[in-house]
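Engineer: Structure, please.
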Amino acid sequence: MQSLPVVVLGFLFGMLHATDADHVVAVSTIVTRQRSLGGAARIGALWGVGHTLTVFLVGGTIILFNLVVSQRFALITELAVALMLVVLGVTTLAQVARHVRETMLPALANGLSEHTHAGALPDRHLHMHAHGDYVHSHKHGHAADSHGHADTPQGWLDRKLGGLSVYQAVRPMAIGVVHGLAGSAAIALLVLAQIHDPLLSVVYLLLFGLGTVAGMMLVTSVIAVPFAMSRERLPYLHLWLQLAAGLLSLGLGIYLGWQLGVQSGVLTGPAHP
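Structural biologist: Numbers count the residues shown, from 1 in each chain. Sure thing, here's the model as predicted:
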């Protein structure tokens, strides 16, 4: 029973684990799309569920069967997180670039052109708003036939699939699974060093998982505040925030990938201790 205090601390350790830089940066690329704090908290909860499932299954297997995990395998799983950050960053940046290229710039050019020609409809003006994941602009008027709206691919997907729970859950859960895979070995070995009872070790993993869920729900809610406030009122600021999230994810992914893939020797040779 001497290990019981360590088990109880598992929940707090889990909350602290949720604030790791790579976790926060990864979920920020998704939270940028949320309209409300409740939606952001659900994203955090789904990430935590995916993370907990992997940690419990992989970490529990290591603990119960006293398996030995090589350092190289641990580094490879961490490299997968770096690659995921790069993909999330590139995807977010591509989305921002597409918004600017396909909606904002043409709409601005057309709007300026219309205002300089005689006979232009007087009630038309530029209007920016959100459809699904897209914040975009188009020519807009208050007459019945002057809305001028053109749909976007992501907006179409959101309308068709947005109501499906699987569509909303897959991405954050998949990110949580990758993070959990990368951290499960280290977490399990840490538990083994402090707790020698397999049952208490499993209980620790469960409490740790609950802590990561709670911690990430809190983190995503905090991150979502500026995005939710700027989405409708300040769409240009919202795009700048998305750009920052994408650049941060890409930069951190490249940095971690260089450290793990090159300096640690995962890609270039045997891993160094």
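Engineer: tell me what the helix or strand hosting V202 is packed against?
Structural biologist: Using DSSP states H and E, V202 falls within helix 198-233. Applying 3 or more Cβ pairs under 8 Å, 6 or more residues apart in numbering; DSSP states H and E, one finds that helix 198-233 contacts helix 4-8, helix 10-17, helix 21-31, helix 37-54, helix 60-65, strand 125-131, helix 165-194, helix 235-258. Placement of C-beta: from N, CA and C, glycine included.
Engineer: Please report the distance of G251 from G59.
Structural biologist: 30 Å (Cβ to Cβ, to the nearest Å).
Engineer: okay, these two: which has more neighbours?
Structural biologist: Higher neighbour count among G251 and G59: G59, with 30 against 14, using other Cβ atoms under 10 Å.
Engineer: Let's see the pLDDT reported for the nearest residue to the more buried one once chain neighbours are set aside.
Structural biologist: Residue nearest to G59 in three dimensions, not counting chain neighbours: A188, with 3.7 Å by Cβ to Cβ, 6 or more residues apart in numbering. A188 is assigned a predicted lDDT (pLDDT) of 74.
Engineer: What count of nearby residues applies to A188?
Structural biologist: The burial count for A188: 24, using other Cβ under 10 Å.
Engineer: these two touch, right, it and V58?
Structural biologist: Yes: contact criterion Cβ atoms under 8 Å: A188 and V58 qualify, at 7.4 Å.
Engineer: Please find the angle between the direction vectors of the helix holding V202 and helix 10-17.
Structural biologist: 40 degrees (axes from the mean of the first three to the mean of the last three Cα atoms, to 10 degrees).
Engineer: Give me the distance from helix 198-233 to the chain's centre.
Structural biologist: In terms of Cα atoms, centre = their mean, to the nearest Å, the centre of helix 198-233 is found 12 Å from the chain centre.
Engineer: now that helix: mean pLDDT?
Structural biologist: 89.
Engineer: Also stretch 13-29?
Structural biologist: Computed over stretch 13-29, the average pLDDT equals 91.
Engineer: change the start of the numbering to 180 and stick with it
Structural biologist: Happy to do that; since the first residue is 180 now, the last one works out to stretch 192-208.
Engineer: buried stuff in it?
Structural biologist: 192-194, 196-197, 199, 201-208 (16 or more other Cβ atoms under 10 Å).
Engineer: Could you pull out the buried residues of the helix holding V381?
Structural biologist: 379-396, 398-400, 402-403, 406-407, 409-410.
Engineer: With stretch 227-237 instead?
Structural biologist: 227-231, 233-235, 237.
Engineer: circling back to that earlier point, would you turn the helices and strands packed on helix 377-412 into JSON lines with distance to T282?
Structural biologist: Shown next, in JSON lines, are the helices and strands packed on helix 377-412 (distance: least, Cβ to Cβ, whole Å):
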{"stretch": "helix 183-187", "distance to T282": "52"}
{"stretch": "helix 189-196", "distance to T282": "39"}
{"stretch": "helix 200-210", "distance to T282": "20"}
{"stretch": "helix 216-233", "distance to T282": "23"}
{"stretch": "helix 239-244", "distance to T282": "48"}
{"stretch": "strand 304-310", "distance to T282": "9"}
{"stretch": "helix 344-373", "distance to T282": "23"}
{"stretch": "helix 414-437", "distance to T282": "10"}
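Engineer: which one of the ones you listed has the lowest average pLDDT?
Structural biologist: Looking at those, the bottom one is strand 304-310 with a mean of 45.
Engineer: Quick check: of the buried residues of stretch 227-237, which lies closest to R280?
Structural biologist: Nearest to R280 out of the buried residues of stretch 227-237 is G229 (Cβ to Cβ; 32.8 Å).
Engineer: Against Q373, how distant is the residue lying closest to the closest one once chain neighbours are set aside?
Structural biologist: Distances taken as Cβ to Cβ, 6+ apart place G355 nearest to G229, at 2.8 Å, with adjacent residues excluded. Distance check for G355 against Q373: by Cβ to Cβ, it reads 25 Å.
Engineer: L225 too?
Structural biologist: L225 sits 29 Å away from Q373 when distances are taken as Cβ to Cβ.
Engineer: The two: who's more crowded?
Structural biologist: A side-by-side neighbour count of L225 and Q373, using other Cβ under 10 Å, places L225 first with 26 against 15.
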